[in-house]
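Undergrad: I would like the atomic coordinates for the input below:
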Amino acid sequence: MAKSDAPIIVIKRVKKGGHGHHGGAWKIAYADFVTAMMAFFLLMWVLGSTTAGDLAGISSYFQNPLRVSLSGGQGSGDATRIIKGGGDNITKTVGEESRADADTEQRRISDSSVTDVENARKDKTKNELVKEDIQKKIDADPELKNSKGQVFMDINAEGLRIQVVDEKGKPLFSSGGSVPSVSARRLLRIIGKSLQASPSPIRIEGHTDGTKYGNGEAGYTNWELSTERANVARRELITGGLDPSKVVQVIGFANTVPLNPEDLNDPLNRRISITVLNKKPKQEEKPLVRPMEKLPEGIPKGAQEIPVNLRAPAQFLSKDNAPKSPPMEIPPKVSPSSDKSAR
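TA: Predicted coordinates:
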């Protein structure tokens, strides 16, 4: 075959240029993103500058959106009332007089619940600060560097609980007595100094192990021992700087609440527990109703004789309750004739 008959191979090279124009769809997506972020930060700013009562109203609205339509609210009366603003108060020219936002029982309950949550949050923050302060002071004291295992702190529903326990070879008190050791005094005084600025009430508890004091019968027992140790701890806390008026309870539990119930003689069971109590939610005070006292059956009223020396003076008694004087004896009348004859 001749060379001129060979097939002609044509190689076409395509030059790749820059990216083509894809339109402006990304601009719309970016604008939506920026708008959403602006709305989010605006919402955060509004929530941050809103009072607790208004937050409660917002929360109740999302829990029951129909409440605004049923009991009044922003935007619900403008379309149905002639007077601009609607509601029961015709002096309102802007917005509405909303029964949902007025000083109602439901609003007060919402406000109180918000206040309770806020108080609980503040108490937890304060307890955390007190806990850190106590830990720092114990760590900074060279004499208590070996006593770190004797202090346990936790935050529960009641508040901050500080437990100072016995450790093997490091008792808090003398055996069977209420005289604190040198390290126990130092620990309790450091705790008292940390609690001196706390406005919360404080409860102090004393606990013993399972070893019975004496014969366990009448006389001095673990109950008296645990109570006396708790009172000694109270005095040491006050010496450290605690305000005496903050202590509301000093209780002895003997060996009834052990930390280690599997071994009642464990040194951990011998301890002093100090609880910084949280603020309790306010409850409506109900009048105390006492049942009517009744006399035993068969005894008529007023049948009990009161001794003369215990009776109230007559001027303080009513006419009905005044003691009746015995009837005076009137001497018989004597006629003049009989009188002359007697002479």
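
Undergrad: show me what contacts the residue nearest to residue 252 when sequence neighbours are not counted?
TA: Of all residues beyond its chain neighbours, the one nearest residue 252 is residue 227 (2.9 Å), with distances taken as Cβ to Cβ, 6 or more residues apart in numbering. Just so you know, the C-beta spots here come from the backbone N, C-alpha and C atoms, and that holds for glycine as well. By Cβ atoms under 8 Å, 6 or more residues apart in numbering, the contact list for residue 227 reads 206, 250, 251, 252.

Undergrad: the helix or strand harbouring residue 163 packs against which elements?
TA: Element membership for residue 163 (DSSP states H and E) is strand 159-165. Here strand 159-165 touches helix 105-140, strand 151-155, helix 182-194, strand 271-277, going by 3 or more Cβ pairs under 8 Å, 6 or more residues apart in numbering; DSSP states H and E.

Undergrad: which of the contacts of residue 227 are buried?
TA: 206, 250, 252 (16 or more other Cβ atoms under 10 Å).

Undergrad: surely the last one touches residue 206?
TA: Yes: taking contacts as Cβ atoms under 8 Å, residue 252 lies within contact range of residue 206: 4.6 Å.

Undergrad: which neighbours do the two share?
TA: Common contacts of residue 252 and residue 206 (Cβ under 8 Å, 6+ apart): 225, 226, 227, 228, 229, 230.

Undergrad: farthest pair within these?
TA: 225 and 230 (9.8 Å; Cβ to Cβ).

Undergrad: find residues that contact each of these two.
TA: 206, 252.

Undergrad: show me what contacts residue 205?
TA: 230, 251, 252, 253, 272, 273, 274, 275.

Undergrad: which of these count as buried?
TA: Of the contacts of residue 205, these count as buried by 16+ other Cβ under 10 Å: 230, 252, 253, 272, 273, 274, 275.

Undergrad: tell me the spacing between the fourth one and residue 219.
TA: As judged by Cβ to Cβ, to the nearest Å, residue 272 and residue 219 stand 23 Å apart.

Undergrad: I'd say residue 130 and residue 160 touch.
TA: Yes: counting by Cβ under 8 Å, residue 130 sits close enough to residue 160 to count as a contact (6.0 Å).

Undergrad: overlap in contacts, those two.
TA: Common neighbours of residue 130 and residue 160 (Cβ under 8 Å, 6+ apart) are residue 276.

Undergrad: out of these two, which sits in the more crowded spot?
TA: In this view residue 130 and residue 160 are compared by other Cβ atoms under 10 Å, and residue 160 has more residues nearby, 26 against 22.

Undergrad: now residue 30: which helix or strand?
TA: helix 25-48.

Undergrad: just the CA atoms of that helix, as PDB, please.
TA: Taking Å, rounded to 0.1, in the frame of the first residue of the first chain, the C-alpha atoms of helix 25-48 are listed here in PDB:
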ATOM      1  CA  ALA A  25     -27.500  31.800  43.300                       C
ATOM      2  CA  TRP A  26     -24.700  31.800  45.900                       C
ATOM      3  CA  LYS A  27     -25.400  35.400  46.600                       C
ATOM      4  CA  ILE A  28     -29.000  34.600  47.600                       C
ATOM      5  CA  ALA A  29     -27.900  31.700  49.900                       C
ATOM      6  CA  TYR A  30     -25.300  34.000  51.500                       C
ATOM      7  CA  ALA A  31     -27.900  36.800  52.000                       C
ATOM      8  CA  ASP A  32     -30.200  34.300  53.700                       C
ATOM      9  CA  PHE A  33     -27.400  33.100  55.900                       C
ATOM     10  CA  VAL A  34     -26.500  36.700  57.000                       C
ATOM     11  CA  THR A  35     -30.200  37.500  57.600                       C
ATOM     12  CA  ALA A  36     -30.600  34.400  59.800                       C
ATOM     13  CA  MET A  37     -27.500  35.200  61.800                       C
ATOM     14  CA  MET A  38     -28.700  38.800  62.300                       C
ATOM     15  CA  ALA A  39     -32.100  37.500  63.500                       C
ATOM     16  CA  PHE A  40     -30.400  35.100  65.900                       C
ATOM     17  CA  PHE A  41     -28.200  37.700  67.500                       C
ATOM     18  CA  LEU A  42     -31.100  40.100  67.700                       C
ATOM     19  CA  LEU A  43     -33.100  37.400  69.500                       C
ATOM     20  CA  MET A  44     -30.200  36.800  71.900                       C
ATOM     21  CA  TRP A  45     -30.100  40.600  72.600                       C
ATOM     22  CA  VAL A  46     -33.800  40.800  73.300                       C
ATOM     23  CA  LEU A  47     -33.800  37.800  75.600                       C
ATOM     24  CA  GLY A  48     -30.800  39.200  77.500                       C
END
